[in-house]
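[1] Requesting a structural model of the entry that follows:
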Amino acid sequence: ALMDAKRNLNRTKIENMKVPVILSPKGTINFILSPISKAVNAETYQYGRSFLLGKKNQVIGSDLFNIYDNALITGRIGSRPFDGEGVPCKNKNIIDKGKFLETGLLHNSYTAGKDNTESTGNASRSSYNSIPTIGSTNLIMESGEYSKEEMFESVQKGVYIEYTGDSPNIATGDFSGLILHGNLIVDGQLKQPLNETMFGINLMELFSKIEAVSKQRSIYGSYEAPYVKIEQVQIIGSS
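    I've put the predicted structure just below:
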């Protein structure tokens, strides 16, 4: 925490540029896992409010892009043997080598009935007498083959995004917002923290530009995420 605080002193303003971006695990949750959790919710999908609508069994990202939802990991916050309707939970592949699987939606019994399929065990209740909704359990992006250090060393000039407080439009996939915590990368090294800097990209473009994924992953709540390098992202500065 102290190192992060020191790193965020002397924030700098930068010019507009289109450069490689490295997402921290928290950034990967912001840009990838949290939006995917919402987009593959079968209720959202059936209402036509998902940017993945009509893309089942299609390639939506690079072959480094792999996501699954696993309720059966011992000791994890999202783990449980049964969902809110008593349906057994399981490990579910959602995106495999960039392909959004035909069976990639998360269902409860109601949405499964509408699609003439089986519940995936993702019904969630806030209390025993509440109406079941749908939620992911432990949503995980698979590790890659690079160390975090190798990923940074591969960037001559770019941006590191630790976190944004903004959220994408789940219906369209458009995502623009403020980089709350981020740094300039120069010659593979983290440099000045960014001030008043924004980003803009569509999530489908972002998924297709995943260029490297780290071996290391971090767990935050019910998400498990690696560092991810995106080939090019539009960065909007204020200088």
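[2] SS state for G200?
    Assigned by DSSP: H, G, I helix; E, B strand; the rest coil, the conformation of G200 is strand.
[3] Need the phi and psi values for the residue sitting nearest the centre point of the chain.
    In the chain, the residue lying closest to the centroid (C-alpha atoms, centre = their mean) is I32, at 1.7 Å. The phi and psi torsions at I32 (degrees, to the nearest 10) take the values phi -130, psi -60.
[4] likewise K148?
    Note on K148: its backbone torsions stand at phi -60, psi -40 [degrees, to the nearest 10].
[5] got a list of what it touches?
    If you count contacts by C-beta atoms under 8 Å, 6 or more residues apart in numbering, K148 has them with 214, 216, 227. Any C-beta I mention is one placed from the backbone N, CA and C, and that applies to glycine too.
[6] Okay, and which of those map to strands?
    Among those, the ones falling in strands (DSSP state E) are 214, 216, 227.
[7] from the residues you listed, which would you call buried?
    Neighbour-count burial (16 or more other C-beta atoms under 10 Å) is assigned, among the ones in strands among the contacts of K148, to 214, 216, 227.
[8] Nearest to L206 among these?
    Y227 (14.6 Å; C-beta to C-beta).
[9] Which positions are bridged to the residue nearest to that closest one when sequence neighbours are not counted in the beta structure?
    Counting by C-beta to C-beta, 6 or more residues apart in numbering, Y227 lies nearest to S214, which is 3.8 Å off, once chain neighbours are set aside. Beta-bridge partners for S214, by DSSP bridges, are Y146.
[10] Wait, S214 touches P226, no?
    Yes. Using C-beta atoms under 8 Å, S214 is in contact with P226, at 4.3 Å.
[11] Mutual contacts of these two, please.
    With C-beta under 8 Å, 6+ apart as the test, S214 and P226 both reach 143-144.
[12] May I ask which helix or strand of the protein has the lowest mean pLDDT?
    helix 2-7 (a mean of 57; mean pLDDT, DSSP states H and E).
[13] what's next to the helix or strand following that one, contact-wise?
    Counting by DSSP states H and E, the element after helix 2-7 in chain order, helix or strand, is strand 17-23. Taking C-beta under 8 Å, 6+ apart as the criterion, the residues outside strand 17-23 that touch it are 30-32, 151-152, 154-155, 157-161, 185, 199, 211, 227-235, 237.
[14] And those, which of them are buried?
    Among the contacts of strand 17-23, those buried by neighbour count (16+ other C-beta under 10 Å) are 30-32, 151-152, 154-155, 158-161, 185, 199, 211, 227-233, 235, 237.
[15] Near the nearest residue to Y45 once chain neighbours are set aside, how many residues? Count them for me, please.
    Once flanking residues are discounted, Y45 sits nearest to L105: 5.7 Å by C-beta to C-beta, 6+ apart. Neighbours of L105 under the rule other C-beta atoms under 10 Å: 27.
[16] Would you quantify the distance from L105 to S34?
    According to C-beta to C-beta, to the nearest Å, L105 stands 17 Å off from S34.
[17] Next, the closest residue to the residue nearest to the centre of the chain other than its chain neighbours: phi, psi?
    Among residues not flanking I32 along the chain, M141 sits closest, at 6.3 Å (C-beta to C-beta, 6+ apart). Main-chain torsions, M141, degrees, to the nearest 10: phi -100, psi 130.
[18] got the contact list for M141?
    M141 neighbours (C-beta under 8 Å, 6+ apart): 28, 32-33, 65-67, 213, 217, 224-226, 228.
[19] I'm done for today, thanks for sticking with me.
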